Each structure stands twice: as structure tokens, then as C-alpha cells.
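> Dropping the sequence and predicted coords here.
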Amino acid sequence: MSEVAQHAGKHDPALSPWWLRTILIVMVAGFAGLIAITTLAYRNAPPIPARVTDANGATLFTGQDIRNGQEIFLKYGLMDNGSIWGHGAYLGPDFAALALHRMGQDTADALAQKDYGKAMDALDAGQKAAIQARTAVELKTNRYDPTDDVLHLTAAESRAFTQQQAHWRAYFELPARNGGLSPGLIKKPEELRQFTAFVTWAAWASVANRPGTSASYTMNFPYDPSVGNIPVSGALLWSALSLLVFLAGIAVVLLAFGKFEYLGWISRGHEIRPHLSEGPPSAAQRALVKFFVAVAALFLVQCLVGGAVAHYRADPGSFYGFQLEDLFPSNLLRTWHLQTAIFWIATSYVAAALYLGRSLRRDEPRSLALWIHLLFGAFVVVIGGSLLGEWAGILQWLGKWWFWLGDQGWEFLELGRLWQYLLIAGLMIWFALLWRMARPRDAANPEVRPIARMFLLAALAIPVFYIPALFFTGTTNYTVVDTWRFWIIHLWVEGFFEFFATTVVALTFYQLGLTRRNVALRVIYLDAILYFLGGLVGTGHHWYFTGQTGFNMAMSAMFSVLEVVPLTLLTLDAWDFVRTTRGQGGDTRLHGHKWTFLFLMAVGFWNFVGAGMFGFLINLPIVSYYEVGTQLTPNHGHAALMGVFGMLAIALMVFVLRQTSSDGNWRGIERYVRVAFWGTNIGLAMMILMSLFPSGVLQIRDVIEHGYWHARSVEYMSLPRSRMIEWLRLPGDLVFIVFGAVPLLVAAIKGYLGMRTEARRTTTSP
């Protein structure tokens with residue numbers, strides 16, 4: 001029987017085994033490429049020399065000083081203030097870029113005095129051009145000797161290292177000059193010396209040519225013509241060729257959709273037959289509702305601290321008359337902003353998955369509600385403990401325990417190592433509970449078993465692919481760390497969370513009776529093939545300029561563009577998705593889930609705009625070379641993380657609230673959900689259109705005109721135009737918080753209290 005013939009029978013036939021075989025082939029090939037790039041990161045990472053000497057052979061600092069300096073960079077939360085090689089925060093400078101530029105200035109001044117007896121600024125245009133060319137030659141000459149593991153700096157480079165210690169001491173003194181750090185953050189001379197050793201090493205790796213090539217270890221990033229850092233030829237070549245791959249990918253998928261009419265959310269001729277059990281929610285399902293109160297509370301906290309971080313960009317010297325940095329410095333608030341985002345979204349997925357898993361069974365396993373209560377307690381401990389630990393760690397209250405209990409310092413993975421172990425353990429317990437409920441052999445409806453298998457596999461990937469967060473320490477080579485870091489940030493969040501989200505939506509639609517089993521399965525299979533085809537090797541687009549070689553740039557550029565292909569299909573499949581949510585003939589039984597479907601439609605919109613348009617804009621190597629670490633990065637991040645994963649988390653919360661609320665209670669909850677829908681979407685659009693996008697475009701123009709170091713400097717951020725655009729963020733933030741996050745918290749609380757009242761009434765009624 002052909003797949004089209006499924007509409008003729010009562011039950012869907014088994015799909016072709018080549019769906020699963022294709023997924024397996026794509027994943028094996030993709031992981032082979034990704035593991036190859038990761039292995040090369042260890043081999044090709046910029047070397048950390050045993051000693052760094054001056055022109056006379058005297059030791060300036062050691063490899064251990066560089067590693068200790070990296071730990072200081074992390075211990076004081078400086079990756080949530082500035083960045084290294086474009087990765088980190090945007091309140092402060094790119095420390096490597098600024099150190100490199102100052103190194104270039106010192107070298108140029110020394111050469112100008114030697115050749116002309118004048119300062120660089122006193123030379124004419126021809127003399128300046130000659131000195132700049134010689135400066136580039138001086139700095140690009142790699143004086144690292146691998147035989148004795150010694151890096152020899154020139155006299156000018158040595159002088160730059162000495163002088164920069166005073167510069168960084170001044171930078172850390174005043175919050176108004178560093179984006180709101182604690183006053184006098186780093187005062188100890190030895191810590192300043194080691195921090196300077198680390199950023200000097202990062203600056204050297206940014207400009208010194210990798211042996212056997214004409215480009216630096218970071219592929220000539222950051223852009224700074226004054227030291228000879230200009231784009232490598234591969235950045236343009238692979239960008240152009242990747243566009244051909246993108247167009248070919250679009251053509252193939254459009255051809256497939258034209259030939260096979262059963263692809264996508266096809267609901268024509270389907271009669272709604274819900275598979276969810278009727279009646280009041282079970283004890284375990286009621287136990288899950290409090291998770292969503294925590295979700296809404298964390299969401300509100302994330303919004304508030306995000307608004308405070310934005311204020312630090314607009315006015316770092318004062319928070320409406322209060323010196324907020326004394327207690328809540330900007331790097332702490334940015335850490336909380338990132339961590340609470342991950343926590344509330346993940347918590348919503350965890351709770352919704354358990355709810356859906358329970359819906360697959362007629363009976364409820366013994367003690368399931370108790371285990372859910374215990375899991376909630378574990379989440380409270382991990383979330384609360386890690387957030388408090390980050391506060392104590394950044395304020396330096398934990399001493400040598402900062403790495404284990406406080407703030408590790410790596411962006412997006414700031415929580416202490418102990419909390420990471422507990423988080424993984426909690427997710428494993430969650431999967432065990434999910435397996436107990438959703439294992440295919442126990443499904444009340446045998447037809448759902450293939451969907452349940454994919455649902456469980458996607459769920460298992462979440463704890464498993466967080467494990468790479470344990471593969472490095474504070475002293476591991478920065479290139480190696482950034483490689484593993486994006487195994488989590490990209491592969492975990494943008495890969496397996498995306499896959500899990502697809503299975504959750506497909507299972508939800510099937511359980512509501514909105515779609516046939518095979519339609520849901522094909523959506524899962526097709527999305528898995530397309531996401532993993534580009535998303536595995538495409539992870540490397542984050543590594544263009546972090547110490548990898550041209551092999552990574554070529555592979556990642558060619559595959560990364562394929563990540564956009566499934567997102568363009570959202571427009572092709574949009575109306576079929578809308579028709580599916582309405583049901584055959586606009587069935588009124590679906591009206592109660594109207595806002596769930598609208599939030600899911602918002603997911604599709606922001607997926608195309610945030611991940612598709614804005615992500616594609618910054619992923620090409622030649623664009624990324626100028627863009628990485630500018631405001632176009634959080635522009636993409638806000639539209640994609642909040643617009644896609646955040647909106648889906650809210651959709652799942654609304655779904656569970658509706659399922660566990662009586663019709664009477666839901667009428668009181670729905671008005672707040674309605675306000676939250678418009679508040680979150682309009683507020684997010686205002687943030688992007690009024691501030692993040694125009695700010696990013698102007699910043700890239702400044703990179704091209706003056707160099708990367710300048711566009712990331714305090715001086716650029718202090719320009720009246722820059723300040724004005726930052727203040728334009730305020731209206732969108734207010735709409736998002738007041739009309740988005742606050743009503744959502746009210747809805748969650750009302751849903752929880754109403755559910756408890758209904759449960760007591762049911763228990764006491766005769």
C-alpha cells in the first residue's frame with residue numbers, strides 16, 4: 001500500500017523503513033564530520049608556550065600565568081562583561097581585540113621613533129603607510145619556537161604587555177567605564193599581571209601567522225587593518241559557494257514537497273478523534289501544574305534582570321540614582337539573564353513532556369505523583385542553588401570553591417560544576433519517569449507507539465548531550481573549551497531541543513486528534529533529517545575564528561546554510577498548519593486550545609524570522625568575520641531563543657493549564673493568556689526593530705570603518721547615537737514585561753489555585 005493510500009483505511013499503515021534509515025545515515029555522517037572538527041581543535045589550537053620572553057630573553061610570563069589569567073577571566077565573570085575572539089558579552093570590550101590594537105600602536109610608535117625620530121601621529125601619510133606595513137610584518141611574524149616551547153616577543157610587544165597592566169587596572173576601577181562591574185573588581189597586582197598575560201596571549205594568537213599559512217590562528221580575526229588583520233580568502237570563497245548549496249537545498253526540498261503531497265501538516269479529510277482521556281486530571285498531572293508556576297516566575301525574573309542589563313548599556317554609571325553594581329553588577333545580572341532563560345524553558349519542556357507521557361497510558365503508575373513532587377524539589381534546589389552560587393561566586397565570597405559552587409564563568413554554562421552534575425542527574429531521573437510512563441509497550445493506543453519511540457529518543461538526547469559540559473576546566477585551552485561549549489549551546493539547544501520540540505508538538509497534535517499518526521511521524525522524520533543534515537557539522541559556524549583552521553570554515557559554511565532550509569519550509573507549510581489547528585470544519589472542541597495554537601504559530605513566525613532570516617544573515621563566514629560579537633548576535637539570539645523556544649515553552653504551559661482547568665476556571669485564566677500573547681510578541685518585535693537590529697547594523701558599519709576593537713570599545717558605546725538606540729530598547733522591554741511576563745504569571749497562579757480547588761471539591765463531593 002502506498003503512503004497516499006493511508007486515507008482510505010481506518011488505521012495508518014507502517015511507513016517506509018527508509019525514513020529511519022535516512023535519519024541514521026545523516027546522523028552518522030554528521031557526527032563523523034563534527035567529531036573530526038573537534039579532534040582537530042585539540043591538534044590545531046593556538047599553543048600555550050611554557051615561557052614568554054622579551055627581546056633580551058628575560059621571562060615576561062609563563063604558560064601557567066596564561067592559564068591562571070584565564071581562570072581570573074572566568075572567576076570574575078568577565079565573559080559576561082566582554083569577550084575573547086568575539087564570544088562572550090557585549091557590555092565591555094573584546095579583550096583580545098583591544099589588547100591587539102594597543103600592541104599594534106606600541107609597535108608602530110617604536111618603529112616611527114626608530115626610523116623617523118617622531119611619534120606615529122607626527123608622520124605624513126606616506127610615512128604612516130610604511131610604518132603600518134612594517135607593523136603588520138612585525139606582529140604577523142610568528143616567533144614561537146616549538147622545540148623549546150618558548151614564545152619570543154619583540155621589544156614593542158613586551159612594552160605593550162607591561163603598559164597594559166595599568167590600562168586594565170584603570171578599566172576595572174569605575175563601573176561607568178566598564179559596563180557596570182563591581183568597583184575595583186581586580187586590584188591584586190599578581191591577578192592583573194596574569195589576566196594581562198592571558199589577553200596578551202589571545203592577542204598574539206589573533207595576529208601571528210599559523211606556521212605554514214598566511215593567516216593567524218584565529219583566521220585573522222579580529223578585523224584590524226592597522227596590524228594586518230583582514231579577511232582570509234576562504235571567508236569570501238566559502239560564503240559564495242555556500243549560497244549555491246543553500247539554493248540547491250531549497251530546490252531539492254521544494255521538489256520533494258511538489259512530488260509527495262503527503263509531506264507537511266496535511267489534515268484534509270481528517271476527522272478529529274481525540275486520544276486524550278476524558279475527566280479530571282490525575283494526581284500526577286495535577287502535580288505537574290506547579291512546575292508552570294515556577295516557569296512563569298523564572299520568566300518574569302529573566303525579563304527583569306534582562307531589562308537591568310539593557311539599562312547598563314544605556315547608562316552604566318547609575319541605575320536611576322542607585323549604584324546597583326555594588327550588589328548586582330552587570331556581569332551577574334547577565335549571567336542570571338542567560339541561566340534563568342535556560343531554566344524556565346527547560347522546566348516547561350520537562351513538565352509538558354511528563355504530562356504528555358502520562359496521557360499515553362490509561363492507568364497511572366504507583367507513586368508517580370510522589371516522584372514528580374521530588375523532581376520538582378530537585379529542580380528548585382539546582383536552580384535556586386546555582387543562581388545563589390553564581391551571585392556568591394562573582395562577588396568572590398566562595399574562595400577556591402568558585403568553580404564548583406559558584407560561577408564557572410563560561411557563557412551559557414556559568415553554573416558551578418556541582419550544579420551541572422546535579423542537573424544531569426535530575427534530567428536522567430526525569431527521563432526514567434518519562435520512560436516509565438511513555439514506553440511504547442504500555443501505550444493505551446498501540447497506533448501511537450512509533451511516535452512514542454521518537455518522543456523518548458528525543459528526550460534521552462537532552463541529558464546525554466549536556467554531558468560535554470563536563471569535558472573541560474577553567475585552564476583548558478580556550479579553543480578546546482569553545483569547541484565543547486558549542487556542542488551544548490548549538491548542538492544541545494538548537495539541535496536536540498529543536499528535535500524534541502518537534503516530537504512534542506507532533507505528539508500533542510496527535511493526542512488532540514488533530515492529525516493522523518503518519519502525518520505526525522513524517523513531520524518528525526523530515527524535520528530530523530533536515531535539522532541534523534545541516535545542524536551537526538553546521539555547529540562549526542561558531543568556530544570560524546576561535547583557533548580552528550580553514551577545514552572547519554569550509555565544512556561549516558557549506559553545511560550551516562542547510563540549517564535554514566527547513567525554516568524556509570515554514571512559509572510553504574504555514575496554511576496547512578493553520579488548517580490543522582482549526583480541525584475539520586472548524587471543530588468547536590478545539591476552541592479551548594486557541595491560545596496554545598496561536599503561540600505555536602508565533603513559534604513558526606519567529607523561527608523563520610529569528611533563526612532563519614537573522615541567523616542566515618550572520619552565519620556566512622564573510623559576514624560573521626565583521627559581525628560576531630556585535631549587537632546583531634543578540635538580535636538573532638532574542639528572536640530565536642525567545643521567539644522559538646520561549647514561545648513553545650509558553651504554548652506548552654498554556655496547553656497544560658487548559659487541560660487541567662475546568663471550563664469555568666479557564667474563562668478567568670484565558671483573559672491573562674490573551675494579554676500575554678500580544679504582550680510577548682509585540683514587545684519582542686519592538687525590542688528588535690527599535691533597538692537590537694539598528695544597533696547591530698550601525699555597529700557593523702563601525703567595524704568596517706574603524707576596526708573591530710573600536711566598535712566594541714567603551715568610546716563607541718558612549719556615543720550619543722549609541723546611547724539613544726539603547727534607550728529605545730526601553731518601550732519594548734516594558735511592553736514585554738508588563739503585558740507579557742506579568743499576565744503569564746497571574747495565569748499560571750490562577751490555574752494552579754483553581755486546579756487545587758477543583759481537586760478538593762471533587763474529593764469531598766459525595
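All right, it came through fine.
> make it CA atoms for all contacts and neighbour counts henceforth
Noted.
> Got the phi and psi for N209?
Dihedral angles of N209 (phi, psi; degrees, to the nearest 10) stand at phi -70, psi 130.
> err, N229, not the other one
Listed backbone geometry of N229 is phi -90, psi 100, with angles given as degrees, to the nearest 10.
> Would you state the predicted confidence (pLDDT) at it?
We have a pLDDT of 98 for N229.
> Mind jotting down where the helices sit in the stretch 551-700 of the chain?
565-572, 574-582, 594-606, 615-619, 621-627, 632-637, 647-659, 663-687, 693-706 (DSSP state H, counting those that start in this stretch).
> List the contacts of the first one.
Here helix 565-572 makes contact (Cα atoms under 8 Å, 6 or more residues apart in numbering) with 246, 249-250, 253, 527, 530-531, 604-605, 607-608, 611-612.
> Select the helix or strand of the protein having the lowest average pLDDT value.
Ranked by mean pLDDT, DSSP states H and E, the weakest helix or strand in the chain is helix 574-582, scoring a mean of 69.
> Run the chain-centre distance for stretch 734-754.
Centroid separation for stretch 734-754 versus its chain: 25 Å, with Cα atoms, centre = their mean, to the nearest Å.
> same deal with stretch 454-461?
Using Cα atoms, centre = their mean, the offset of stretch 454-461 from its chain centre is 21 Å.
> mean confidence score for it?
Across stretch 454-461, the per-residue pLDDT values average to 95.
> State the distance from W709 to F597.
The spacing between W709 and F597, counted by Cα to Cα, to the nearest Å, is 45 Å.
> Just to be sure, A392 is in a strand?
No - under DSSP: H, G, I helix; E, B strand; the rest coil, A392 sits outside any strand and is assigned helix.
> For it, list the residues it contacts.
With Cα under 8 Å, 6+ apart, A392 has these contacts: L398, G406.
> Compute the distance between it and L304, please.
20 Å.
> Likewise for L327?
From L327 across to L304, the span is 16 Å (Cα to Cα).
> Between these two, tell me which one has more neighbours.
A count of neighbours by other Cα atoms under 10 Å puts L304 above the other of L327 and L304, at 18 against 11.
> and the residue nearest to the more buried one when sequence neighbours are not counted, how far is that from G184?
Nearest non-adjacent residue to L304, counting by Cα to Cα, 6 or more residues apart in numbering: I737, 7.4 Å away. Counting by Cα to Cα, the separation of I737 from G184 is 33 Å.
> Same check on T473?
Counting by Cα to Cα, the gap from T473 to G184 is 26 Å.
> L684 too?
35 Å.
> which one of the two has more residues nearby?
L684 (21 against 14).
> I'd like to check which residues are in contact with the more buried one.
L684 is in contact with H638, A639, G643, G732, D733, F736, counting by Cα under 8 Å, 6+ apart.
> Among the residues you listed, the buried ones, what's the ChimeraX command?
Buried residues among these (16 or more other Cα atoms under 10 Å), as a ChimeraX selection:
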select :638,639,643,732,733,736
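> Among the contacts of L684, which one sits closest to T39?
Nearest to T39 out of the contacts of L684 is H638 (Cα to Cα; 31.4 Å).
> per-residue pLDDT, the closest one?
Note on H638: pLDDT of 96.
> Check F693 too.
So, for F693, pLDDT stands at 97.
> close enough to count as contact, it and G637?
No - in this structure, F693 is not within contact of G637 by Cα atoms under 8 Å, at 11.3 Å.
> Thanks a lot, catch you later.
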